[in-house]
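Q: Structure here, sequence nowhere to be found:
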């Protein structure tokens, strides 16, 4: 095969002819005639779905390009130690500390994307663009000098911590981004602890150095204390610190250095992050089998399912037979590599092969999930995956059974609901789905928090699903005949004038205050609070502090159950009739509390139309109309004055729903209803409960 390939290359280029005909030992001594890197040809590859790629293939010889590169890649991959020129690094931080903005600057200034491209190019998901947060971990790659930097952008919110945990297994270092004003926060502690447990050496970046409120010395001391408290070893404690402003596109090693580019950070990644650990060929085992741990999944309309991960050993080529095994070593499927795919900037490119140390995607395996191992047929042991923290919140999902069922969505059956929920598990390692303990066609979904559940429901409603979901409940544990509940470390940054009110509210939720710091009119309060005490607290905190408070929470540990929490929820205003809401009826009802609907809204019996100002439920008639008469009024005109209703978001509905209620989620509406719609049946149930 090599001889046939050489003869074809002889006819195409004299430069190729001179290098191919030389013996191997002489070719190795001619660095000027070889690519500077075993995979240097990959920069000539083009994005898959662009018209430029089609025109370039017509005007060039892809056979010569790829074949020439493939020959030298196979001939010299071991000699040049391809993986020594690779750096796999994850960008980790608390939410809103500037991870994605920093990755954008790395892509721009390395030439991977255009300078005038949109901000936050890594936030490609529609919900990420709308909410301004990172939800999914995403990998990209840039070329810097002679090195290939594979960079993973990770979420910063605690509910998506599972995304961070799973990608740490395919990187060899982390860049810890910390706000120079806020300092280390709850999620900073979480992601750093996971990185240190994985044995990774961090590189610290103090971001947002362009602000007037920075407190560099204090933040640096807080970071060091955090490292020490997390029991970092000596090599991890000797971390370098850089100072940056991702918004303005600069980073420096010393605060007095010239601030004109992000180059110092790129150089620091090359210098401080170790090359990937791979299985090298030996004299006793010259042929290393292929092995890769699946870390992420994505779907392509042309290639189907694409599994992405780091190659721990061997080489992947199109047509290579591989098998998929789970974490116990059980065979899942056999198959062949259909395509070898990689990311360069924001483009997806086709590779001839992937070598040890690369982070690549493989097409051709339809049953591979996250944490599965792709390997050669002779390999029997799976690659160990990073342990994932257990979920702490559970909700019951079922098909919509309200009087309006089937009017908005297309997917309304339990079969489609089950298929969609189990599809979510393929890429979301922090969730679990089981049949509901209550029986019926419902499913118990466990996750990390209200926001994660809200994102799942929002995606489902946009896909045309109609779902009913129950009140979220924390996941309890039993140990030695003792009930344990999850406890969160809660950090609240608030104006000093509201600190007393916040402490009082947290005490009602069985919280223990462990720290309180004051600085410049602001106060930082730290509590250990049961997870169930935080359900619905975020919106209440926003109202009490007029939107000035910032709440962050992180799973701490399981502790003994602390008893019932009384007086935390208010009652509901419930419709007792079907029909269309009228302004005349709502004008008198709004005096009882806060309304969720406007005049003209379609409602049904048992639907909750507002929040009562007291802790009991009331039944009202919102469809009542004003009866006409022949008696004239003394007023010239009569007006209906209504307050603006509170439009429920998914997070609001999840926060205020109670045990005897359901959230009705459809593509067009979000409603809350009673499980028992009939007013008389609810009253009889209440009386029997009191008896």
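A: All right, it came through fine. None of the values given here were measured: they were computed from a predicted structure.

Q: neighbours around residue 256, how many?
A: 7 (other Cβ atoms under 10 Å). Where C-beta positions appear, they are placed from N, C-alpha and C, glycine not excepted.

Q: what's the distance between it and residue 239?
A: 20 Å (Cβ to Cβ, to the nearest Å).

Q: any low-confidence regions in the stretch 501-650 of the chain?
A: Within the stretch 501-650 of the chain, the stretches with pLDDT under 70 are 567-568, 630-638.

Q: quick one: contacts of the helix or strand in which residue 177 is found?
A: Using DSSP states H and E, residue 177 falls within strand 173-179. With contacts defined as Cβ atoms under 8 Å, 6 or more residues apart in numbering, strand 173-179 is touched by 87-94, 96-99, 102, 168, 184-185, 188, 191-192, 195, 200-208, 219, 223, 239, 265, 269, 272-274.

Q: again, only this time at 7 Å
A: With contact meaning Cβ atoms under 7 Å, 6 or more residues apart in numbering, strand 173-179 is reached by 89-93, 97-99, 102, 184, 188, 192, 195, 200-208, 219, 223, 272-274.

Q: Any of the residues you listed buried? List them.
A: 89-93, 97-99, 102, 184, 188, 192, 195, 200-208, 219, 223, 272-273 (16 or more other Cβ atoms under 10 Å).

Q: now, which of the residues you listed lie within helices?
A: 99, 102, 188, 192, 195, 219, 223, 272 (DSSP state H).

Q: The fifth one and residue 169, how far apart?
A: What that stands for is residue 195. 11 Å.

Q: same thing with the fourth one?
A: Residue 192 sits 16 Å away from residue 169 when distances are taken as Cβ to Cβ.

Q: do the same with the last one
A: Distance of residue 272 to residue 169, given as Cβ to Cβ: 20 Å.

Q: Also residue 372?
A: 13 Å.

Q: Of those two, give the one with the bigger neighbour count.
A: residue 372 (25 against 17).

Q: what number of residues lie near the residue nearest to the more buried one when sequence neighbours are not counted?
A: Spatially, and ignoring its direct neighbours in sequence, residue 372 is nearest to residue 294 (4.8 Å; Cβ to Cβ, 6 or more residues apart in numbering). For residue 294, the tally of surrounding residues (other Cβ under 10 Å) stands at 25.

Q: again with residue 648
A: Neighbour tally, residue 648, other Cβ under 10 Å: 21.

Q: for it, helix, strand, or coil?
A: Secondary structure, DSSP: H, G, I helix; E, B strand; the rest coil: residue 648 is coil.

Q: My guess is it contacts residue 665. True?
A: No: between residue 648 and residue 665 there is no contact under Cβ atoms under 7 Å: 10.6 Å.

Q: pLDDT below threshold where in the chain?
A: Across the chain (using pLDDT under 70), the flagged ranges come out as 1-80, 114-124, 282-286, 567-568, 630-638, 689-691.

Q: switch to 50 and redo it
A: For the chain, applying pLDDT under 50 flags the ranges 1-80, 636, 691.

Q: Which element, helix or strand, includes residue 684?
A: Per DSSP H and E: helix 679-690 holds residue 684.

Q: longest single strand anywhere in the protein?
A: strand 482-495 (DSSP state E).

Q: picking that back up, which one of the ones in helices among the buried ones among the contacts of strand 173-179 is nearest residue 338?
A: Nearest to residue 338, judged by Cβ to Cβ, of those is residue 99 at 32.9 Å.

Q: what's near enough to touch the closest one?
A: 91, 93, 134, 153-154, 156, 177.

Q: For these, work out which two are farthest apart.
A: Going by Cβ to Cβ, the pair spanning those furthest: 134 and 177, at 12.0 Å.

Q: the more surrounded of the two?
A: residue 177 (28 against 25).
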